[in-house]
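Asker: here is a sequence with its predicted model. Questions after.
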Amino acid sequence: MSPRKRLYPFNAEQTVNILSEFGPLVTMFLVNALYGINAGTWALILTTIAAIIAMVYMFRRPPIFPLIASTVTIVFGALTLITHDPMWVQIKVTIFNALFAGFLFLGLWTNRNFFQYVFEKTFHYTKEGWDTFTRSFAWFFLLTAGLNEFVRLYFKDDHIYHILGYAMNGVDIWIAFKLFVVLPLSGLYAWLLTKWMSKHHL
């Protein structure tokens, strides 16, 4: 295996599959940080549409993960716009992560593995491998839900905090936490988990 392949172990179809499922969420967090929560919601909606086109063209089915996330984001984003309270978008992440973890555990219990369904056309693992992958991500979603809620409750929206020379309110810190902690940690975890899953390849 070439050094490039070891560093980036995905082919073109797998890359489209991954980007279509997770790209819209990453884009939303980046735009949230740069232009605000409302712009981030629109970015999620537009990139979800692009992901639907790519997935239908490549695999004859729409992406599942961004469709779920877009629906939840639109509902809670509307509550934020109506109430002018960013809390709704913040707790949306906690609720979504916790519910999605429960959804993954339920799928394992009923023998309907979610990640196997969305990735089995481009990734080929044993059933034990898919169950391990899904179980690991379910626990990871629970962890990030807890961390999100800790940051939301500890850093108040109407307070100003001075961190690394910057004056930031609670929402700014929450966005920075998602951008500089959760996103890199999620990417690193997914990459490591994919490497660990090599022993389950069919």
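Answerer: Yep, it's here. Numbers count the residues shown, from 1 in each chain.
Asker: where does pLDDT dip in the protein?
Answerer: Applying pLDDT under 70 to the chain picks out residues 1-9.
Asker: by contact count, what packs against whichever strand or helix holds Leu19?
Answerer: For Leu19, the host element (DSSP states H and E) is helix 12-35. The contact analysis (3 or more Cβ pairs under 8 Å, 6 or more residues apart in numbering; DSSP states H and E) places helix 12-35 against helix 37-59, helix 65-83, helix 114-119, helix 170-177. All C-beta atoms are positioned from the backbone trio N, CA, C, and that covers glycine.
Asker: what helices or strands is the second one leaning on?
Answerer: Identification of packing neighbours for helix 65-83 by 3+ Cβ pairs under 8 Å, 6+ apart yields helix 12-35, helix 37-59, helix 87-109.
Asker: export these to CSV and tack on distance to Ile163 and mean neighbour count?
Answerer: Output for these, formatted as CSV (distance: least, Cβ to Cβ, whole Å; neighbours: other Cβ atoms under 10 Å):
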stretch, distance to Ile163, mean neighbour count
helix 12-35, 14, 18
helix 37-59, 20, 17
helix 87-109, 18, 18
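Asker: mind putting those helices into TSV with distance to Tyr117?
Answerer: Converted to TSV, those look like this (distance: least, Cβ to Cβ, whole Å):
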stretch	distance to Tyr117
helix 12-35	11
helix 37-59	12
helix 87-109	9
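Asker: out of the ones you listed, which gets nearest to Gly129?
Answerer: helix 87-109 (12.9 Å; Cβ to Cβ).
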